[in-house]
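In: Turn this into a structure:
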Amino acid sequence: MTRIAVVGGGRIGEALIAGLLESGRATKDLVVAEPVAPRAAQLAERFKIRATGSIADAVVGADIVVLAVKPGDVDSVLTDLSKADLESGHEQVLVSLAAGVTTAHLESRLPAGFAVVRVMPNTPMLVGQGMSAIAPGRYTDAEQLELVGEMLEAVGKVVTVAESQMDAVTAVSGSGPAYFFLVVEAMIDAGVSLGLTREVATQLVVQTMIGSAALLDETGQNAVDLRAAVTSPGGTTAAALRVLERHALRSAFTEALHASKQRSAEQGASNE
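Out: Numbers count the residues shown, from 1 in each chain. From the prediction side, this is the model:
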């Protein structure tokens, strides 16, 4: 079995570990490096895996090394990795979940020819419904990329993109959950203004979101057709949609995603 070392025991690292174990990975094939001793002990107790405060110790013998840390912590982690017994060539692959950190930057801090994969995940991976986009570095072969994809499928779906598209991915799916949460907030508040209790409005909106997403995912129909199926000419839905269109909802989303992409590019440049 593939041995995986997860560097960082925060929410994302924990979600990945939980997903891997639920998908059938053996506890002996997982190790987590977490410098905060109480947190490391908590993870070891919950998942029955080995936890260590030493990055160098965790990554020895690992086939995949996952960086589940904040972008600002990547360089210090890479410094610690340089002290480990990392193998060059195609024996190990480094997977970075840190936003804005390029494969070129990672490669520059690792042994020559080291395989790296950059990932843009999103927070629904915390409940096994994540969307992860992966981009290979210069030295990553197809087999390694497939291995990383299989690992991430334990916490959701995976798509492969060119690294040049990562800023756009960040704007669409990386930041995407926040857009949906904002819509949910707005709909709940509107429901309350119509006389519903907040509890009832929340239940109505959340289940409507879940059901609508399931329709998109399971029926194979596109959003345009599904929207049209709900919208009777001159009906209640049509009245609501006219207001949303009058307030330029589409233009607002387009402008918002372009702003997110631009900010992602700026943050990426500052990390170099």
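In: tell me which residues of stretch 64-72 are tucked away?
Out: Using 16 or more other CB atoms under 10 Å as the burial criterion, the residues of stretch 64-72 that qualify are 64-69, 71. (Glycine included, C-beta is placed from N, CA and C.)
In: And the contacts of it?
Out: 2-10, 12-13, 16, 59, 74, 77, 81, 92-101, 147-148, 151, 267, 271 (CB atoms under 8 Å, 6 or more residues apart in numbering).
In: again, but for stretch 20-29
Out: Contacts for stretch 20-29 (CB under 8 Å, 6+ apart): 1-4, 30, 47-49, 128, 151, 153-155.
In: Kindly report the same for stretch 261-268.
Out: 71, 99-102, 166-168, 170-171, 174.
In: for stretch 66-85, what is the average pLDDT?
Out: On average, the pLDDT along stretch 66-85 is 88.
In: Please report how far the residue lying closest to Ser232 once chain neighbours are set aside lies from Glu143.
Out: Closest residue in space to Ser232, ignoring its immediate chain neighbours: Ala238 at 6.7 Å, by CB to CB, 6 or more residues apart in numbering. Ala238 sits 52 Å away from Glu143, going by CB to CB, to the nearest Å.
In: follow-up on the earlier one: just to be sure, the residue nearest to Ser232 is in a helix?
Out: Yes - assessed with DSSP: H, G, I helix; E, B strand; the rest coil, Ala238 lies in a helix.
In: Strands along this structure, start to end?
Out: Along the chain, the segments classed as strands by DSSP state E run 4-7, 30-33, 50-52, 64-67, 93-96, 115-120, 130-136, 156-160.
In: and the ones you listed as CSV, adding distance to Leu244?
Out: Listed next are the strands of the chain as CSV, based on distance: least, CB to CB, whole Å:
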stretch, distance to Leu244
strand 4-7, 42
strand 30-33, 45
strand 50-52, 49
strand 64-67, 40
strand 93-96, 38
strand 115-120, 29
strand 130-136, 25
strand 156-160, 28
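In: closest one to Asp189 among the ones you listed?
Out: The minimum distance between Asp189 and the strands of the chain falls on strand 130-136, with 26.9 Å, by CB to CB.
In: in the chain, which residue is closest to the centre?
Out: Pro121 (1.4 Å; CA atoms, centre = their mean).
In: what comes up buried for stretch 30-44?
Out: Neighbour-count burial for stretch 30-44 [16+ other CB under 10 Å]: 30-34, 39-40, 43-44.
In: swap in stretch 263-272?
Out: 264-265, 268, 271.
In: For Leu20, report the pLDDT, please.
Out: 95.
In: okay, now it: neighbour count?
Out: 24 (other CB atoms under 10 Å).
In: Please report the distance of it from His105.
Out: 26 Å.
In: Same question for Ala178.
Out: 26 Å.
In: Which one's more surrounded, the two?
Out: His105 (20 against 12).
In: which residues touch the more buried one?
Out: 74, 271-272.
In: Quick one: these as CSV, columns for distance to Thr160 too.
Out: CSV is the format used below for those (distance: CB to CB, whole Å):
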residue, distance to Thr160
Val74, 22
Asn271, 22
Glu272, 23
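In: nearest to Thr231, of these?
Out: Using CB to CB, the contacts of His105 come closest to Thr231 at Asn271, 44.5 Å.
In: Next up, the contacts around the closest one.
Out: 71, 74, 100-102, 105.
In: Could you check how far the residue lying closest to Arg109 once chain neighbours are set aside is from Val69?
Out: Closest residue to Arg109 apart from its sequence neighbours, by CB to CB, 6+ apart: Leu78 at 4.2 Å. Using CB to CB, Leu78 is found at 10 Å from Val69.
In: and Met125, how many residues sit next to it?
Out: 23.
In: Next, the contact list for the closest residue to it other than its chain neighbours, please.
Out: Using CB to CB, 6+ apart and skipping residues adjacent in sequence, the residue nearest Met125 is Val155, 4.0 Å away. Residues near Val155 by CB under 8 Å, 6+ apart: 15-16, 19-20, 121, 125, 128-130, 132.
In: All set now, cheers.
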